[in-house]
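J.: Generate coordinates for the sequence data below:
(one chain, ligands or ions: 1)
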Amino acid sequence: KRVLTYGDRAKLCSHSVAKFLFTTMEDKQTNLALSADVTTGAELLRLADAVGPHICILKTHIDIISDFKPDLVHDLSHLAEKHGFLIFEDRKFADIGNTVKHQYSSGVYRISDWSHIINAHALPGPGIVQGLKEVGLVKDRACLLIAEMSSKGNLATGDYAKATLKMAEEHDDFVIGFITQSKLSNDPNWVHITPGVKLTRGKDSLGQQYLTPREVICDKECDIIIVGRGITEAEDSVVAAKAFQEAGYNAYLERMQKT
Ligand code: UP6
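T.: As a prediction, the model looks like this:
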């Protein structure tokens, strides 16, 4: 049986964001998501413009930007169009449906206005997805559920990931996939996205654990690598992004051969 390419999967998916994502991955030959964890607007825009040609997703933590102004997300949206990447605000919603609805649409950041993809913990139960969906669906936004985390000692173990998959299946008009450390389902519609990636295995001093692009894409059969400090702390972020793009894409090509 032939393994489906990103392009094949673009044709299969019904959600427009997932379709755009797989199409972009095929066209730009990249399964790299940049975690742009910088703390000023200028740095974020500089990084997005420089690394934009090499990524399918730019992941933000908008609440670590010290000089946030609404102009920033406006400019970021322009760069997303210019380079053809999706914006993913890594907000990790984790409250009851009614609260997350407000957190998603309002406040200082108005996340639903500019972020194509958001994510949520499954911990509070399906009400969190229902709440987010009330805001996101009308704007054609997509959600990822956090099934497995990269950090040492995290409590998302045992049947937690299975229950998360089930919750996603019940909301597949809004949930397009998972933040995870391993593949949860063979259904080609789901996007499996994995943080905790560097060119060599390792950890940081606060419990983060790193796998390599090859382990994530080829061995664990996930679809997208999320790389933060491997790029942002490199001497040259563009050179580093190219290296991760190549490592991630070669691992995908190797997996295609595997069957
Ligand atoms: N992230 C993880 N692990 C998870 C979920 N999310 O590391 O299980 C996020 C972090 C950070 C990025 O919030 O933004 O992915 C990883 O950054 P790093 O590559 O610099 O470690």
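J.: interface residues of this protein facing the ligand?
T.: When proximity is defined as Cβ under 6 Å from any ligand atom, the chain approaches the ligand at 35, 37, 61, 90, 149-151, 179, 195-196, 208, 226-230. Heads up, the C-betas are built off the backbone N, CA and C, glycines and all.
J.: which one of these has the most neighbours?
T.: Most neighbours among the residues of the chain next to the ligand, by other Cβ atoms under 10 Å: Val227, with 29 neighbours.
J.: That one pairs with what?
T.: On the basis of DSSP bridges, Val227 is bridged to Leu34.
J.: Touching, it and Ser35? I think so.
T.: Yes: using Cβ atoms under 8 Å, Val227 makes contact with Ser35 at a distance of 6.3 Å.
J.: Please give the centre-to-centre distance between the helix or strand Ala161 falls within and its chain.
T.: Using DSSP states H and E, Ala161 maps to helix 160-169. In terms of Cα atoms, centre = their mean, to the nearest Å, the centre of helix 160-169 is set 17 Å apart from its chain centre.
J.: by contact count, what packs against it?
T.: Packing partners of helix 160-169 (3 or more Cβ pairs under 8 Å, 6 or more residues apart in numbering; DSSP states H and E): strand 142-146, strand 175-179.
J.: buried stuff in that helix?
T.: Tyr160, Ala161, Ala163, Thr164, Leu165, Met167, Ala168 (16 or more other Cβ atoms under 10 Å).
J.: and the fourth one, what does it touch?
T.: For Thr164, the contacting residues are Ala122, Leu145, Ile146, Ala147, Ala156, Phe178, Leu184, by Cβ atoms under 8 Å, 6 or more residues apart in numbering.
J.: Repeat that for the second one.
T.: Listed by Cβ under 8 Å, 6+ apart, the contact set of Ala161 reads Ala147, Glu148, Thr180, Leu184.
J.: gap between it and Gln103?
T.: Computed as Cβ to Cβ, to the nearest Å, the Ala161 to Gln103 distance reads 24 Å.
J.: if we can go back for a sec, and the helices and strands packed on helix 160-169, which is most packed in?
T.: Among these, strand 175-179 has the highest mean neighbour count (mean count of other Cβ atoms under 10 Å), at a mean of 27.
J.: contacts for that one?
T.: By Cβ under 8 Å, 6+ apart, strand 175-179 touches 13, 15, 17-18, 21, 117, 119, 129, 142-149, 164-165, 167-168, 184, 189-195, 223.
J.: pLDDT of that strand, averaged?
T.: Averaging pLDDT along strand 175-179 yields 98.
J.: What of stretch 223-239?
T.: The pLDDT scores in stretch 223-239 average 98.
J.: next one: stretch 244-253
T.: 98.
J.: How about stretch 92-105?
T.: Averaged across stretch 92-105, the pLDDT comes to 98.
J.: swap in stretch 63-81?
T.: On average, stretch 63-81 scores 98.
J.: Run the chain-centre distance for that stretch.
T.: Per Cα atoms, centre = their mean, the displacement of stretch 63-81 from the mean C-alpha position of its chain is 18 Å.
J.: would you turn the helices and strands packed on helix 160-169 into a markdown table with distance to Val216?
T.: What follows is the helices and strands packed on helix 160-169, written out as a markdown table (distance: least, Cβ to Cβ, whole Å):
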| stretch | distance to Val216 |
| --- | --- |
| strand 142-146 | 16 |
| strand 175-179 | 12 |
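J.: of these, which approaches Lys203 most closely?
T.: When the helices and strands packed on helix 160-169 are compared by Cβ to Cβ, strand 175-179 sits nearest Lys203, at 18.4 Å.
J.: can you pull out the helices in the stretch 151-259 of the chain?
T.: Shown for the stretch 151-259 of the chain, the helices assigned by DSSP state H, counting those that start in this stretch span residues 160-169, 213-214, 229-232, 237-258.
J.: got CSV for the ones you listed, with distance to Asp67 too?
T.: As requested, the helices of the stretch 151-259 of the chain are exported to CSV (distance: least, Cβ to Cβ, whole Å):
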stretch, distance to Asp67
helix 160-169, 35
helix 213-214, 33
helix 229-232, 18
helix 237-258, 20
